[in-house]
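Visitor: Have a look; sequence and predicted model below, questions after that.
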Number of protein chains: 2
Amino acid sequence: MKVRVLVRLKPGVLDPQGRAVHHSLEGLGFEGVENVRIGRVIEMDLADGTSEAAIDDMCQKLLANMVIEDYSIEKLGQTEPA
Amino acid sequence: MKVRVLVRLKPGVLDPQGRAVHHSLEGLGFEGVENVRIGRVIEMDLADGTSEAAIDDMCQKLLANMVIEDYSIEKLGQTEPA
């Protein structure tokens, strides 16, 4: 199955990369940009039947830095049978 | 309105970061991980009514490197009225 994990900085944590992109967008003439935050998307092909708990564990142990980041898990459906 | 842009390496482009995470997950004892790809998620607050074309333009000019990356745009809904 395909799983998508979104890892984002917690609200309130300074995001210099987002700030830089925001500034650049304005520099390029785009109007109406109010805020930009940048995070990571991790897409994994996992064996069907991998438990939610195991995915949670992956996030907490490796994928996210729980001190400054939050994560959310989205299941994108089962892998096509071969 | 909130817009989420997902920027991912094109299929076939080597993803050393994904490879490293895949290897680490196996090292931590997680089983059934078949593939890992890592990309960026860019979440923007834009003025309501910003056109799809403008967002497309932002992606092509700044957010994605079109040589090796693809992007997809997801609208997360209108900003709450104050």
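Guide: Arrived safely. If you're wondering where the values come from, they're calculated on a predicted model, not measured in any experiment. Numbers count the residues shown, from 1 in each chain, chains lettered A, B, ... in the order given.
Visitor: Please identify the buried residues of the host helix or strand of residue A:19?
Guide: Using DSSP states H and E, residue A:19 maps to helix A:16-27. Buried residues in helix A:16-27, counting neighbours by 16 or more other C-beta atoms under 10 Å in any protein chain shown, are found at A:18, A:21, A:22, A:24, A:25. For the C-beta atoms, the positions are set from N, CA and C on the backbone; glycine is no exception.
Visitor: Partner strands of the longest strand along chain A and their direction?
Guide: For chain A, the strand that runs over the most residues, judged by DSSP state E, is strand A:33-46. With DSSP bridges as the test, strand A:33-46 is paired with strand A:2-9 (antiparallel), strand B:33-46 (antiparallel).
Visitor: tell me the most buried of the ones you listed?
Guide: For those, ranked by mean neighbour count under the definition mean count of other C-beta atoms under 10 Å in any protein chain shown, the leader is strand B:33-46 at a mean of 20.
Visitor: Just the CA trace of that strand, in PDB.
Guide: Presented in PDB, the C-alpha positions along strand B:33-46 are these (Å, rounded to 0.1, in the frame of the first residue of the first chain):
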ATOM      1  CA  VAL B  33       9.100  -1.200   3.400                       C
ATOM      2  CA  GLU B  34       9.400  -1.500  -0.300                       C
ATOM      3  CA  ASN B  35      10.200   2.000  -1.500                       C
ATOM      4  CA  VAL B  36      10.600   5.500   0.000                       C
ATOM      5  CA  ARG B  37      10.600   8.800  -1.900                       C
ATOM      6  CA  ILE B  38      11.000  12.100  -0.300                       C
ATOM      7  CA  GLY B  39       9.800  15.500  -1.500                       C
ATOM      8  CA  ARG B  40       8.700  18.900  -0.300                       C
ATOM      9  CA  VAL B  41       5.400  20.100   0.800                       C
ATOM     10  CA  ILE B  42       4.800  23.900   0.500                       C
ATOM     11  CA  GLU B  43       1.700  25.200   2.200                       C
ATOM     12  CA  MET B  44       0.700  28.700   1.300                       C
ATOM     13  CA  ASP B  45      -2.000  31.100   2.500                       C
ATOM     14  CA  LEU B  46      -3.100  33.000  -0.600                       C
END
